[in-house]
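Q: Pasting a predicted model and its sequence here:
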Amino acid sequence: MPAKSKSQQKAAGAALAAKRGEAKKSDLQGAARSMYESMDEEQLRELAETKRADKPEKASDD
């Protein structure tokens, strides 16, 4: 499942780094913390590796 926005992709990357032990879980905030707790490493990797080109900074509420 690809990320819908740049901010979602960034949050997934932060959560993935924490899952892998490359960053502290306590440093995560907001969406990144929620993703860390609710998604496995494979799901986070799929979101984090999404290309950023043509993605909005934030997804619309539509």
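A: It's in. Because the structure is predicted, anything quoted here is derived from the model rather than measured. Residues are numbered from 1 along each chain as shown.

Q: tell me which element Leu16 is part of?
A: Assigned by DSSP states H and E, Leu16 belongs to helix 6-19.

Q: what's the average pLDDT for that helix?
A: Averaged over helix 6-19, pLDDT sits at 94.

Q: counting contacts, what elements does that helix pack onto?
A: Other helices and strands packing on helix 6-19, by 3 or more Cβ pairs under 8 Å, 6 or more residues apart in numbering; DSSP states H and E, are helix 30-38, helix 41-48. Every C-beta, even on glycine, is put in place using the N, C-alpha and C of the backbone.

Q: how about those helices, which one is nearest Lys19?
A: Nearest to Lys19, of all those, is helix 41-48, at 5.0 Å by Cβ to Cβ.

Q: What are the contacting residues of the closest one?
A: Here helix 41-48 makes contact (Cβ atoms under 8 Å, 6 or more residues apart in numbering) with 1-3, 8-9, 12-13, 15-16, 19-20, 35-36, 39.
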